[in-house]
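**Student:** Take a look and give me a structure for this.
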Amino acid sequence: MKIAVGGFQHETNTFAPTKADYAAFAEGGGWPPVSRGEEVLAAVAGMNLPIAGFTEAARTAGHQVVPLTWAAASPSSYVTEDAFERICGQIIDDLAGLRGVDAVYLDLHGAMVTEHFQDGEGEILRRVRATVGRDLPVVTSLDLHANVTPEIVALSDGLVIYRTYPHVDMAKTGERAFVLLSGLLQGRHYAKAYRQLPFLIPLTGGCTLIEPAASIYAALEEIEAEEGLASISFACGFGPADIHHCGPSLVAYGGDAAAAERAADRIQAMVAEQEAAFGGDILPAAEAVREARAIAAGRPGKPVVLADTQDNPGAGGDGDTVGLLEALVEQSAEGAVLGLLIDRESAERAHMAGADSTVRLELGAKSGQPGHKPLVADFKVLRLGDGAFTCTGPFYEGARMRLGPMALLELNGVQVAVASKKVQAADMEMFRHLGVEPTERPIVAVKSSVHFRAHFQPVAERVIVAAAPGPNPVDHSLLTYRNLRPGVRLMPAKG
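**Tutor:** The predicted structure follows:
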């Protein structure tokens, strides 16, 4: 078979300060830059990405894979109309120019909001359908944080969603998408069951390494087998998106419609039973630091990891608020390190000053968020880096980072790793690039919500989620929604 493959990924926080223009996709934000045609396959080869997993599975099965365009950018505010039209236009133009295509696979996210469309993926699929017609099989993989709309379900023949957060199964999800597509290519027809759930889940509440998500996601494969389904998926949704269809959802596919509906009902009941547990635990920054210091003093040898979730670049933050850093400095958390703080100006000034120098900086708060101020001080420049390295952790495995000038700074015994390009701190190599071994530090603070857990949690004495300034509040009631459909609770109901 001849299968066209492409992808267009963005997770949109409509409350974030910075939009994703075409340049953001050209940089990639930790993933490969926008690629077209054969360069797509080289760009994603060996990486933990759905399109890489799908392509390998399809080729192993003897099919021809024809790449269109693949693009991704760091989560942020709206995708600009120009960026969307240019990238989506490439996908559609190349697809329209193909002959003899038997199927289409799209590596999408599911939470893209553009300046002109609330449902970016729905619009992509609408245009794909207008190009290839209704009869050609179209299968899509989505992020666990997809806000799955009725249009996405209606316009695709199959959706396969990640089952891990941290997303260590992205390539595996691509393989699962190929299996689902294979059934369609063999003439099978699947009934769909779709549910939208009535409350928003904070990012930290959906971590599959802890409850309640751990048990629910573990049950998917079991229920899938028991009901004889081709696939069942649960998406936690992406809460900081002010759109009509924001929120968690379920999608099931099976040859028997009753079995698909029954499976969806079973998972929905499990989620409802555990609703209160999805709220998650979080401590104010100063309290989180005090607790981390006490734990590190009492049980030295393994780091306490602090998650600066509300300024997570993986949730739309710019990674430049300094609230948690200030708490560490004020409490003289000797040996602690925070990263990555995104501030190109400060990184470049550190490079100009040179290693072993002292330089006065207005560190952070470059994105202009109201009420956010930089940390003004004389910092010691410990080490410098060019930002070029390859990640080794389970989430970013194989990702070739190009973060621009980087610097390790120190103030009052606390160190901070500064980078020039935005990416969430989910891999130890981001610290090791600057000579910091995270496993040897008493406290490691990361600007990440959950993805860091894949690499850091196995070596941590404890993980503490800290509440510091940023556009991804754990408590969605702090945000002003204008487009959310009626009846959806902004937070899980408390038990």
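
**Student:** what are the ranges of the strands in the stretch 51-200 of the chain?
**Tutor:** 64-72, 103-108, 138-142, 158-161, 191-196 (DSSP state E, counting those that start in this stretch).

**Student:** The last one pairs with which strands, parallel or anti?
**Tutor:** Sheet partners assigned to strand 191-196 using DSSP bridges are listed as strand 249-254 (antiparallel).

**Student:** which residues sit against the very next helix or strand once past the partner strand?
**Tutor:** Scanning forward in sequence from strand 249-254 by DSSP states H and E, the next helix or strand is helix 257-273. By C-beta atoms under 8 Å, 6 or more residues apart in numbering, the surrounding residues in contact with helix 257-273 are 190-195, 197, 215-216, 219-220, 223-224, 227-229, 232, 234, 248, 250-254. The way it works is simple: take the backbone N, C-alpha and C, and place the C-beta from them, glycine included.

**Student:** Residue 319 is nearest to which of the strands of the stretch 51-200 of the chain?
**Tutor:** strand 64-72 (16.9 Å; C-beta to C-beta).

**Student:** ok, and what's touching the closest one?
**Tutor:** 1-10, 25, 28-29, 31-38, 40-41, 43-44, 51, 55, 58-59, 87, 90-91, 94-95, 98, 101, 107.

**Student:** filter the residues you listed to the buried ones?
**Tutor:** Neighbour counting over the contacts of strand 64-72 (16 or more other C-beta atoms under 10 Å) leaves 1, 3-10, 25, 28-29, 31-36, 40-41, 43-44, 51, 55, 58, 87, 90-91, 94-95, 101, 107 as the buried ones.

**Student:** Can you show me the helices along the stretch 101-250 of the chain?
**Tutor:** Counting by DSSP state H, counting those that start in this stretch, the stretch 101-250 of the chain has these helices, from start to end: 120-132, 150-155, 170-185, 213-226.

**Student:** gap between residue 360 and residue 411?
**Tutor:** According to C-beta to C-beta, to the nearest Å, residue 360 and residue 411 sit 11 Å apart.

**Student:** for stretch 77-86, how far is the first residue from the last?
**Tutor:** Separation of the first and last residues of stretch 77-86 by C-alpha to C-alpha, to the nearest Å is 18 Å.

**Student:** cool, stretch 450-459 as well?
**Tutor:** 15 Å.

**Student:** How far off centre is that stretch?
**Tutor:** 14 Å (C-alpha atoms, centre = their mean, to the nearest Å).

**Student:** One more: stretch 333-350?
**Tutor:** Stretch 333-350 sits 22 Å away from the centroid of its parent chain (C-alpha atoms, centre = their mean).

**Student:** again, but for stretch 120-139
**Tutor:** Worked out by C-alpha atoms, centre = their mean, stretch 120-139 lies 24 Å from the chain centre.

**Student:** Mind giving me the PyMOL command for buried ones among the contacts of helix 257-273?
**Tutor:** Applying 16+ other C-beta under 10 Å to the contacts of helix 257-273 leaves a buried subset, and the PyMOL line that selects it is:
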select buried, resi 190+191+192+193+194+195+197+216+219+220+223+224+227+229+232+234+248+250+251+252+253+254
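
**Student:** May I have the helix or strand harbouring residue 4 as CSV, with CA atoms only?
**Tutor:** With elements taken from DSSP H and E, the one containing residue 4 is strand 2-9. The C-alpha trace of strand 2-9 is given here as CSV (Å, rounded to 0.1, in the frame of the first residue of the first chain):
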residue,chain,number,x,y,z
LYS,A,2,1.0,3.6,-0.5
ILE,A,3,0.5,5.7,2.7
ALA,A,4,0.9,9.4,2.9
VAL,A,5,2.2,10.6,6.2
GLY,A,6,2.5,14.0,7.8
GLY,A,7,2.2,15.9,11.0
PHE,A,8,1.4,19.3,12.5
GLN,A,9,1.7,19.6,16.3
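
**Student:** Please parse the chain into its domains.
**Tutor:** 2-278, 283-473 (automatic domain parsing).

**Student:** now the end-to-end length of the shortest one.
**Tutor:** Using C-alpha to C-alpha, the gap from the first to the last residue of domain 283-473 comes to 12 Å.

**Student:** Please compute how far it lies from its chain's middle.
**Tutor:** Distance, centroid of domain 283-473 to centroid of chain: 18 Å (C-alpha atoms, centre = their mean).

**Student:** now that domain: mean pLDDT?
**Tutor:** If you average the pLDDT over domain 283-473, you get 96.

**Student:** And the longest one, by the same measure?
**Tutor:** Confidence for domain 2-278, expressed as mean pLDDT, is 97.

**Student:** and that domain, how far from the chain's centre?
**Tutor:** The answer for domain 2-278 is 12 Å, by C-alpha atoms, centre = their mean.

**Student:** begin at 50 from here
**Tutor:** With 50 as the first residue, the last one maps to domain 51-327.

**Student:** end-to-end on it?
**Tutor:** Termini of domain 51-327 sit 42 Å apart (C-alpha to C-alpha).

**Student:** again, but for stretch 453-467
**Tutor:** 10 Å.

**Student:** quick one, phi/psi of residue 441?
**Tutor:** phi -120, psi -10 (degrees, to the nearest 10).

**Student:** Who are the contact partners of it?
**Tutor:** Residue 441 neighbours (C-beta under 8 Å, 6+ apart): 476-478.
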